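Peer 1: just need the structure, nothing else, for what follows:
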Amino acid sequence: MKLTTILIAASCLTAQAFGFSTHQSVTKKVATNDVVSNSLRKQAPSSVSPLFRDPALTRGGAVPGWAAYNEALDKNPLTAKACTSLVGWFLGDLLAQIFIVKSGVIDVKRLITLAAFGFLYHGPSGHYFYNWLDSKIEGTGAKAVFTKVGIDQIIWCPLFMIVFFTYLGLVAGDSFSVIGNKIKSDLFTAVQGSWKVWPIVHAVNFKFISTKHRLVFINGVQIAFNMFLSLIGSK
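Peer 2: Alright, predicted model coming up:
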């Protein structure tokens, strides 16, 4: 019951943040609030206050740093996406250590290792891969989306996991034989975990998200998935 209440409240707050209005009320109090809100919007245009943006220009209300982030994506896309993945992998492993491992002590080396992987490989490789994929398969129709999801999960996902386990092994100083055994034992488990989550996520991604925003969307979802990867990679 509590979870349902939280979800409903969060949905309402999200709807308000993105500029969606609730159905009209007949009470004078709500009408008065609408008048005050409209007055404030006129007095504080988007050029003055980020809290009242022009809904015709930006759906999403006040998102601190969003304009600057988009500018960085346009000017330095590789760096911006690398930093996005750094944050995503950092948070994913941090949350895994706090809420799943629960050792009471943060493994800083592991945290830095996974955050570095996000910065050095996940962000840059994602930048080039999704740009290439979108250039080869254009459109957001069902066939294009299905094809992209298939390529991502059947080809890109196993390759990504192999790089992930190889990176962790090299950082740990493991021999190539040990790394090979790790890949043999855990690759299919990691790929299966991906297939349970990412086909649906990428269907939304390829259908509705622009190319330049793919990685920030992926990292938003991947914070949870990275918790799973960090646990597999560190065992």
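Peer 1: what residue ranges in this protein score low on pLDDT?
Peer 2: For the chain, applying pLDDT under 70 flags the ranges 1-62, 226-235.
Peer 1: got the residue ranges for the helices in it?
Peer 2: Assigned by DSSP state H, the helices in the chain fall at 2-17, 28-43, 66-75, 77-96, 108-117, 123-136, 142-151, 157-172, 176-208, 214-234.
Peer 1: list the buried residues of the third one.
Peer 2: Of the residues in helix 66-75, those buried by neighbour count under the rule 16 or more other Cβ atoms under 10 Å are 69, 72-73. For every residue, glycine as well, the C-beta is placed using N, CA and C.
Peer 1: who touches it?
Peer 2: Outside helix 66-75, the residues that touch it by Cβ atoms under 8 Å, 6 or more residues apart in numbering are 60, 79-81, 212-213, 216.
Peer 1: could you give the angle of it to helix 77-96?
Peer 2: Calculated by axes from the mean of the first three to the mean of the last three Cα atoms, to 10 degrees, helix 66-75 forms an angle of 130 degrees with helix 77-96.
Peer 1: what angle sits between helix 66-75 and helix 123-136?
Peer 2: When the same axes, to 10 degrees is applied, the directions of helix 66-75 and helix 123-136 differ by 70 degrees.
Peer 1: enumerate every residue touching Lys81.
Peer 2: The contact partners of Lys81, taken as Cβ under 8 Å, 6+ apart, are 73, 123-124, 126-127, 215-216.
Peer 1: can you redo those as CSV with distance to Phe188?
Peer 2: Putting those into CSV (distance: Cβ to Cβ, whole Å) gives the following:
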residue, distance to Phe188
Leu73, 35
Gly123, 26
Pro124, 26
Gly126, 22
His127, 27
Leu215, 26
Val216, 29
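Peer 1: dump stretch 155-167 to PDB, restricted to CA.
Peer 2: Written as PDB, here are the backbone C-alpha positions of stretch 155-167 (Å, rounded to 0.1, in the frame of the first residue of the first chain):
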ATOM      1  CA  ILE A 155      25.800  -8.800 -31.200                       C
ATOM      2  CA  TRP A 156      26.700  -5.700 -29.100                       C
ATOM      3  CA  CYS A 157      25.700  -7.100 -25.700                       C
ATOM      4  CA  PRO A 158      28.000 -10.200 -25.700                       C
ATOM      5  CA  LEU A 159      30.900  -8.200 -27.000                       C
ATOM      6  CA  PHE A 160      30.400  -5.600 -24.400                       C
ATOM      7  CA  MET A 161      30.300  -8.200 -21.600                       C
ATOM      8  CA  ILE A 162      33.500  -9.800 -22.900                       C
ATOM      9  CA  VAL A 163      35.200  -6.400 -22.800                       C
ATOM     10  CA  PHE A 164      33.800  -5.800 -19.300                       C
ATOM     11  CA  PHE A 165      35.100  -9.000 -17.800                       C
ATOM     12  CA  THR A 166      38.500  -8.600 -19.600                       C
ATOM     13  CA  TYR A 167      38.900  -5.100 -18.200                       C
END
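Peer 1: check which residues of that stretch are buried.
Peer 2: Neighbour-count burial for stretch 155-167 [16+ other Cβ under 10 Å]: 156-158, 160-161, 164-167.
Peer 1: ok, and the most crowded of the contacts of Lys81?
Peer 2: Leu215 (27 neighbours; other Cβ atoms under 10 Å).
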